[in-house]
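Chemist: Pasting a predicted model and its sequence here:
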Amino acid sequence: MQIMEGDLITTIRDNIEWIGHFHTGGVPGRHELNNKQEVQWDGVMRAIAALPFHNYLAREFISNGYPITSLRQACERCKV
């Protein structure tokens with residue numbers, strides 16, 4: 001969605017009633033959710049938490065290192 005739409009938070013707010021779940025992934029390449037990515041997930045997660053959304057959030061990434069470590073870091077980055 002970042003590549004196609006660009007303005008994630010506005011797009012999410014405008015369409016939350018139609019969203020069944022979210023996938024997180026680094027942009028570009030679906031790698032770790034870190035400060036080298038285009039998406040600032042902490043802001044996106046705060047925006048989602050402020051909305052009437054009670055469904056699922058999935059981690060979708062290709063680890064550049066140890067997968068379990070990467071998953072733990074992604075969870076921490078997205079914690080609200």
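Modeler: Cool, got the structure.

Chemist: going forward, measure contacts and count neighbours with C-alpha atoms only.
Modeler: OK.

Chemist: Where is the longest helix in the chain?
Modeler: The longest helix of the chain (DSSP state H) is helix 67-77.

Chemist: Nearest residue to the middle of this structure?
Modeler: Centroid-nearest residue in the chain: residue 24, 3.4 Å away (criterion: CA atoms, centre = their mean).

Chemist: Strands along the protein, start to end?
Modeler: In the chain, the strands defined using DSSP state E lie at 21-24, 56-59.

Chemist: Any chance of the ones you listed in JSON lines with mean pLDDT and distance to residue 14 as columns?
Modeler: Output for the strands of the chain, formatted as JSON lines (pLDDT from 0 to 100; distance: least, CA to CA, whole Å):
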{"stretch": "strand 21-24", "mean pLDDT": "90", "distance to residue 14": "15"}
{"stretch": "strand 56-59", "mean pLDDT": "86", "distance to residue 14": "18"}
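
Chemist: winner for burial among these?
Modeler: strand 21-24 (a mean of 14; mean count of other CA atoms under 10 Å).

Chemist: about what we covered before: please verify my assumption that the residue nearest to the centre of the chain contacts residue 45.
Modeler: No. Using CA atoms under 8 Å, residue 24 is not in contact with residue 45, being 10.0 Å away.

Chemist: quick one: the helices in the protein?
Modeler: Remark: helices assigned in the chain by DSSP H are 8-15, 41-49, 67-77.

Chemist: Ok, which of those helices comes nearest residue 61?
Modeler: Taking CA to CA, helix 67-77 is the member of the helices of the chain nearest to residue 61, at 8.6 Å.

Chemist: Only C-alpha atoms, please: export the closest one in CSV.
Modeler: Provided in CSV are the C-alpha atoms of helix 67-77 (Å, rounded to 0.1, in the frame of the first residue of the first chain):
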residue,chain,number,x,y,z
PRO,A,67,14.0,-14.6,11.9
ILE,A,68,13.0,-14.9,15.6
THR,A,69,15.1,-11.8,16.5
SER,A,70,13.6,-9.9,13.6
LEU,A,71,10.0,-10.9,14.6
ARG,A,72,10.6,-9.7,18.2
GLN,A,73,12.0,-6.4,16.9
ALA,A,74,9.0,-6.0,14.6
CYS,A,75,6.6,-6.6,17.5
GLU,A,76,8.4,-4.0,19.7
ARG,A,77,8.4,-1.5,16.9
